[in-house]
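Chemist: Predicted model, plus sequence, below.
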Amino acid sequence: MTRAPLCLALLVAMSTAAPASAAKPRRKGPTAEEIKKIEAAAPARPRVTPKKRRKVLIFSVSYGYWHTSIPYGQRAFEILGRKTGAYEPVVSDDQSLFEPAALKQFDAVVFNNTNRDVFLPADYAKLPPDKKAEAKKREDRLKKSFADYLASGGGLAVTHAGVAVYRTWDEYGKIIGARFKNHPWGSGSQITVKIDDRSHPVASAFPEATFTYRDEVYQVTDPWSRDMVRVLVSIDTARSNMNKKGLRADRDLAISWVKSYGKGRVFYTAIGHDHPLFWNPVVLQHYLDGVQFACGDLEADTTPSSKVGQDAPSK
């Protein structure tokens, strides 16, 4: 075999290993100046006073594509908790925290740009068969523990790539209410969204009927439906470039929503790729409101949109 085909074969083998090891970050995280911006933009107080002391796990395990905004999210959610007193933030990627006895200490979990099979070890593809079997058993145990935690009243707040976690785990699709499809609008794209439910507490961060920002914008697919989630924010098709390949036929492109899972509360927002978002006061307030909802402090209706007369946009 010549050198070129050999290199190509090695690249193909590396790209098909699963799960891929977490990619090395291109940046270590926010600079001191950027941290000051995050601190200044974060709200001074919580939307509502916590009903009791809250503890929130900020979890950021990501395999495959590693978003450089992950350390920005870690710092932002830490600052939001400590500055406002809404919750005690615990920033950790320790998977053992999802064991039942450990998980119950948290009022909510934040999936901060998590991606793929987050309960497997990073070196799973290199493990011998017996160790792989052990890892899969542990993974199954942690998935069940997490689903049980949410169904019994726990909370989950998810940003951006967290919708791509466990694409082959059907239950996660039911938990979050959607699956990642693609991002027709790449990083830095200017997009305008409309606030579908302006009276909803988790949408109250947005001061106007529309909001314009720059980000990599996600599109989701089944099981997403207005029959199963309460849409808060979606793309304003009249003010955005809709000449994109692969868009949903219904042009109903939700950005943020809430839903119930058993007795638990789930918040998702696709906002969270581009770094400047993490010192945008509106975005930080929306994040905080989502976490306070997930904790059970910010009480909000999760009745699906279609059942409260919230229609999808016309094609």
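Modeler: Cool, got the structure. Quantities reported herein were computed from a predicted structural model and do not represent experimental measurements.
Chemist: if you go through the stretch 201-315 of the chain in chain order, where are the strands?
Modeler: Per DSSP state E, counting those that start in this stretch, the stretch 201-315 of the chain carries strands over the ranges 210-221, 230-235, 254-261, 264-269.
Chemist: Same list (the ones you listed) but as JSON lines, adding mean neighbour count, mean pLDDT and distance to Phe180.
Modeler: For every residue, glycine as well, the C-beta is placed using N, CA and C. Output for the strands of the stretch 201-315 of the chain, formatted as JSON lines (neighbours: other C-beta atoms under 10 Å; pLDDT from 0 to 100; distance: least, C-beta to C-beta, whole Å):
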{"stretch": "strand 210-221", "mean neighbour count": "20", "mean pLDDT": "85", "distance to Phe180": "6"}
{"stretch": "strand 230-235", "mean neighbour count": "26", "mean pLDDT": "94", "distance to Phe180": "16"}
{"stretch": "strand 254-261", "mean neighbour count": "25", "mean pLDDT": "94", "distance to Phe180": "13"}
{"stretch": "strand 264-269", "mean neighbour count": "26", "mean pLDDT": "97", "distance to Phe180": "11"}
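Chemist: Would you reformat those as a markdown table and include distance to Ser187?
Modeler: Formatted as a markdown table, these follow (distance: least, C-beta to C-beta, whole Å):
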| stretch | distance to Ser187 |
| --- | --- |
| strand 210-221 | 4 |
| strand 230-235 | 16 |
| strand 254-261 | 16 |
| strand 264-269 | 17 |
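Chemist: closest to Phe59 out of these?
Modeler: Minimum separation from Phe59 across the strands of the stretch 201-315 of the chain (C-beta to C-beta) falls at strand 264-269, 14.6 Å.
Chemist: Okay, now the sheet partners of that closest one, with direction.
Modeler: strand 155-159 (parallel), strand 254-261 (antiparallel) (DSSP bridges).
Chemist: now those in a markdown table, with distance to Lys51?
Modeler: Converted to a markdown table, the strands paired with strand 264-269 look like this (distance: least, C-beta to C-beta, whole Å):
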| stretch | distance to Lys51 |
| --- | --- |
| strand 155-159 | 13 |
| strand 254-261 | 18 |
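Chemist: Can you name the residues that contact Ile255?
Modeler: By C-beta atoms under 8 Å, 6 or more residues apart in numbering, the contact set of Ile255 is Val193, Val217, Tyr218, Leu232, Val233, Ser234, Ile235, Thr269, Ala270, Ile271.
Chemist: That should have said Arg248, apologies.
Modeler: Arg248 neighbours (C-beta under 8 Å, 6+ apart): Lys181, Gln219, Thr221.
Chemist: Looking at those, spot the one nearest Arg75.
Modeler: Gln219 (27.7 Å).
Chemist: Ser189 versus the closest residue to Glu208 other than its chain neighbours, what's the distance?
Modeler: Nearest non-adjacent residue to Glu208, counting by C-beta to C-beta, 6 or more residues apart in numbering: Ile195, 7.7 Å away. As judged by C-beta to C-beta, to the nearest Å, Ile195 and Ser189 stand 19 Å apart.
Chemist: who's more crowded, those two?
Modeler: The neighbour count for Ile195 versus Ser189, taken as other C-beta atoms under 10 Å, is higher for Ile195 (22 against 18).
Chemist: check contacts around Tyr87.
Modeler: Contacts of Tyr87 (C-beta under 8 Å, 6+ apart): Pro50, Arg54, Lys55, Val56, Gly81, Asp107, Ala108, Val291, Gln292, Cys295.
Chemist: count of neighbours near the last one?
Modeler: If I follow you right, that is Cys295. The tally of other residues near Cys295 (other C-beta under 10 Å) stands at 25.
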